[in-house]
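Asker: mind folding the following:
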Amino acid sequence: MRKYFALSIIILFGIFGNAALSDVSITEKHYQRATTYHDLGEFEKAIAAYKKAIAIDPNSPIIYNKLGVAYSELKQYEAALALIEKHSPCPL
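Answerer: Have a look, this model is predicted:
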């Protein structure tokens, strides 16, 4: 009985654990794509990819930070400041 219980836990973790991991990898994929665009100076494309990553993981301050930097590179300072004000752990 104990063997079947352990096996069922492993199977359940495999099913649900992979779903969680796939979300992380999709977020990471969008983040890496955004970073590549950012490094190439293609800030509009970087912003679109950062937004896709945020749609999947809205709790990542790093992604919001990089999105704000991309906006500032395009001299869209109001958009960058709005992100900082909304998502900064330290109030301005």
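
Asker: residues in contact with stretch 72-80?
Answerer: 38, 41, 43-44, 47, 68-69, 71 (CB atoms under 8 Å, 6 or more residues apart in numbering). Glycine gets a C-beta too; all of them are placed from N, C-alpha and C.

Asker: residue ranges for the helices of this protein, please.
Answerer: 2-39, 43-56, 61-73, 77-87 (DSSP state H).

Asker: redo the contacts of stretch 72-80 as TSV? Include neighbour count.
Answerer: Converted to TSV, the contacts of stretch 72-80 look like this (neighbours: other CB atoms under 10 Å):
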residue	neighbour count
His38	20
Gly41	9
Phe43	20
Glu44	10
Ile47	21
Gly68	23
Val69	15
Tyr71	22
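
Asker: ramachandran angles for Pro58?
Answerer: When quoted as degrees, to the nearest 10, the phi and psi of Pro58 stand at phi -80, psi 0.

Asker: for it, list the residues it contacts.
Answerer: With contacts defined as CB under 8 Å, 6+ apart, Pro58 has no neighbours.

Asker: output the lowest mean pLDDT helix or strand found in the protein.
Answerer: helix 2-39 (a mean of 66; mean pLDDT, DSSP states H and E).

Asker: just to revisit the earlier point, most widely separated two among the contacts of stretch 72-80?
Answerer: Largest separation among the contacts of stretch 72-80 by CB to CB: Gly41 and Gly68, giving 16.7 Å.

Asker: spatially nearest residue to Ser88 (excluding sequence neighbours)?
Answerer: Nearest residue to Ser88, sequence neighbours excluded (CB to CB, 6 or more residues apart in numbering): Pro61, at 7.8 Å.

Asker: hmm, I was thinking of His30
Answerer: Using CB to CB, 6+ apart and skipping residues adjacent in sequence, the residue nearest His30 is Ala53, 3.8 Å away.

Asker: thank you kindly, that will do.
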